[in-house]
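Peer 1: Just the structure for this:
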Amino acid sequence: MFSPFFTQAAVSPGRQRSFRSLVAGHLAVLAAAAWALTRGKETSPALLGHVLLTAGIVEGALLLGWRLAQMPKSQALEFLLVSPLRPRRILVAEALVGMTRLGLVTLAGLPVLLLLALDGYVDLLDLGPLLLMPLTWGVITGLGLAAWAYESVRVRRWGERAILGLVVCYLLVGVLAGEHLGRWVRWLPEDCGQWFLSAFAAAHRYNPFAVIQYGLLEDLSTGWPRVVGFEAASLALAGLLLARAACRLQPHFHERHYSPAIDDSRRKRGSIGTRPLSWWAVRRVTEYSGRVNIWLAGGFGMLYACYIVAGPWWPTWLGSQVFVTFDRMGGIPALATALVVLAAVPAAFQYGLWDSNTQDRCRRLELLLLTGLTARDYWEAASAAAWRRGRGYFAVAGLLWAAALLSGRLEINQVLAALAAGVVLWGLYFSLGFRAFARGVQANALGLLLTLGLPLAVGIGYHAGWPVLAALLPPGSVYHSGIGEPTVVWLPGPLLGGIAALGLTRFSFARCDQELRSWYDRHHGQRVVD
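Peer 2: The predicted structure is shown next:
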């Protein structure tokens, strides 16, 4: 029953390319973490666990979550839904394919981990948590994204409100209270205070990052029981998410394609204006707008900015340990650079205009190419969609730069240099993504390189003592302007990036219409396995 799904995944050219790209990216990230483990005097195996766990979560979202979330968007799924193969089994089969591919990506790093174990940097038994926990939480992330996408609009709306409440609770308890939480809890009744402290301690100890760190640093008899118990609970959670997604596949398909679209929010939708393609692209990317991440980044950034501006006048009854930790990890330059890169993620991937598969892209272009749209119309639509998704992160970075300027941590020339470098980074990432769109190429590998590979290369460059080379890269130019006076060393990076962005934009404008029509001619009417 499941063999046709595995066969299709194996012969699909697009899925083969994405799989190879993720394997290469996984090995590059693992090699960088292993290099830091072998070279850093104060680096512990917990760093390796955190890096692999983060990589597993990202890979699970790309390999499993993206595929499952895009399935109901294609009406071709209707033929499977009316076949003897039941909808729940279809979802389970696709999920198993994604889990298998994710497992192969995870196992690709086994030789590197074995070398680290043989050299004594990690224990041989630690390979279990280093392989199983990233795989498990990658599966949880992918299935969680699919289950969330399959839920009805009302459930997602109330879910966002609940998550907003959790974000506010985290900011109050984990950041503002911080190390003074015990003093805050004294204002509560004794039973409520004890229950609250126990719940907070459990959330602090029993999360994947804390558990893998505990398992790697403690001895076998102490660390493994917690790791095994947490892994069993994680597998149970993955099973629940799989069951929920399987139950919601067919109802979500019907809601998407056959239920009438009714807007009962009573909010002003705005007029289409004179740029209908831009209006449509913005509406499309805001279906799953990722507001929760903006709330979290904005809330923490605002509190961090207040802490920076207050300086020695920060109240003693408020927590400060979290902010001190961030100062040690790079402070405002590092955090602002990360936010600028997050703002550029939609610019690099260009998912505002493209569809999830070749057939849908052909149908879209069949209509668009009949109109009088020019390259400027496509460019404006893609930029509007990308900026709508990323502007919140850029605003938080600007808030941090303003706080650093008011507090005296940064000079005005440093802030202006960082802002200019951030604008150049966004423009360069967008021009590269738009060039991929004009050629008819999905920019998944390019986006991963720009948003993960380059920041990783900058971190390695500064850690290895090569700041001049690191400052040539776009993320390095943003970071370098915040740690010192902008000098001749800093100038080539933004200058070259700006020239490249302008050149790519002009080149894409000149060839966009011709290349889109050539792509359509090559793919229209062909049998495509994607």
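
Peer 1: can we go C-alpha only for contacts and neighbour counts from here?
Peer 2: Noted.

Peer 1: Show the average pLDDT along stretch 223-241.
Peer 2: Per-residue pLDDT over stretch 223-241 has a mean of 90.

Peer 1: Show me the contact partners of that stretch.
Peer 2: 129, 133, 136-137, 139-140, 143-144, 147, 206, 211-212, 214-217 (CA atoms under 8 Å, 6 or more residues apart in numbering).

Peer 1: again, only using 6 Å
Peer 2: Residues outside stretch 223-241 that contact it (CA atoms under 6 Å, 6 or more residues apart in numbering) are 140, 143, 215.

Peer 1: Nearest to L80 among these?
Peer 2: Among the contacts of stretch 223-241, L143 lies closest to L80 (CA to CA), at 20.5 Å.

Peer 1: residues contacting the closest one?
Peer 2: For L143, counting by CA under 6 Å, 6+ apart, the contacting residues are 65, 241.

Peer 1: What's the separation between it and F230?
Peer 2: Relative to F230, L143 is positioned 18 Å away (CA to CA, to the nearest Å).

Peer 1: same deal with G178?
Peer 2: From G178 to F230 the distance is 25 Å (CA to CA).

Peer 1: Q359 and L370: what is the separation?
Peer 2: 17 Å.

Peer 1: What of L53?
Peer 2: 47 Å.

Peer 1: where does the stretch 151-300 of the chain dip in pLDDT?
Peer 2: 190, 220, 260-270, 288-289 (pLDDT under 70).

Peer 1: just checking, next helix/strand downstream of the lengthiest helix in the chain?
Peer 2: What stands out as the longest helix in the chain, according to DSSP state H, is helix 220-257. For helix 220-257, the following helix or strand on the C-terminal side (DSSP states H and E) is helix 276-285.

Peer 1: Restrict the next helix-or-strand element following that following helix to CA atoms and write it as PDB.
Peer 2: For helix 276-285, the following helix or strand on the C-terminal side (DSSP H and E) is helix 291-310. C-alpha atoms of helix 291-310 as PDB (Å, rounded to 0.1, in the frame of the first residue of the first chain):
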ATOM      1  CA  ARG A 291       2.200  36.400  14.100                       C
ATOM      2  CA  VAL A 292       3.200  34.400  17.100                       C
ATOM      3  CA  ASN A 293       6.900  34.700  16.200                       C
ATOM      4  CA  ILE A 294       6.500  38.400  15.700                       C
ATOM      5  CA  TRP A 295       4.800  38.700  19.100                       C
ATOM      6  CA  LEU A 296       7.600  36.800  20.800                       C
ATOM      7  CA  ALA A 297      10.400  38.700  19.100                       C
ATOM      8  CA  GLY A 298       8.700  42.000  19.600                       C
ATOM      9  CA  GLY A 299       7.900  41.400  23.200                       C
ATOM     10  CA  PHE A 300      11.400  40.300  24.100                       C
ATOM     11  CA  GLY A 301      13.000  43.100  22.000                       C
ATOM     12  CA  MET A 302      10.900  45.700  23.800                       C
ATOM     13  CA  LEU A 303      11.900  44.400  27.200                       C
ATOM     14  CA  TYR A 304      15.500  44.100  26.200                       C
ATOM     15  CA  ALA A 305      15.400  47.700  24.900                       C
ATOM     16  CA  CYS A 306      14.000  49.000  28.200                       C
ATOM     17  CA  TYR A 307      16.700  47.100  30.100                       C
ATOM     18  CA  ILE A 308      19.400  48.700  27.900                       C
ATOM     19  CA  VAL A 309      18.000  52.200  28.200                       C
ATOM     20  CA  ALA A 310      17.500  51.900  32.000                       C
END
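
Peer 1: chain center to helix 291-310, what's the gap?
Peer 2: 18 Å (CA atoms, centre = their mean, to the nearest Å).

Peer 1: and it, what other elements does it pack with?
Peer 2: Helices and strands touching helix 291-310, by 3 or more CA pairs under 6 Å, 6 or more residues apart in numbering; DSSP states H and E, are helix 375-407.

Peer 1: the inter-axis angle of the helix it packs on versus helix 276-285?
Peer 2: Relative orientation of helix 375-407 and helix 276-285, computed by axes from the mean of the first three to the mean of the last three CA atoms, to 10 degrees: 60 degrees.
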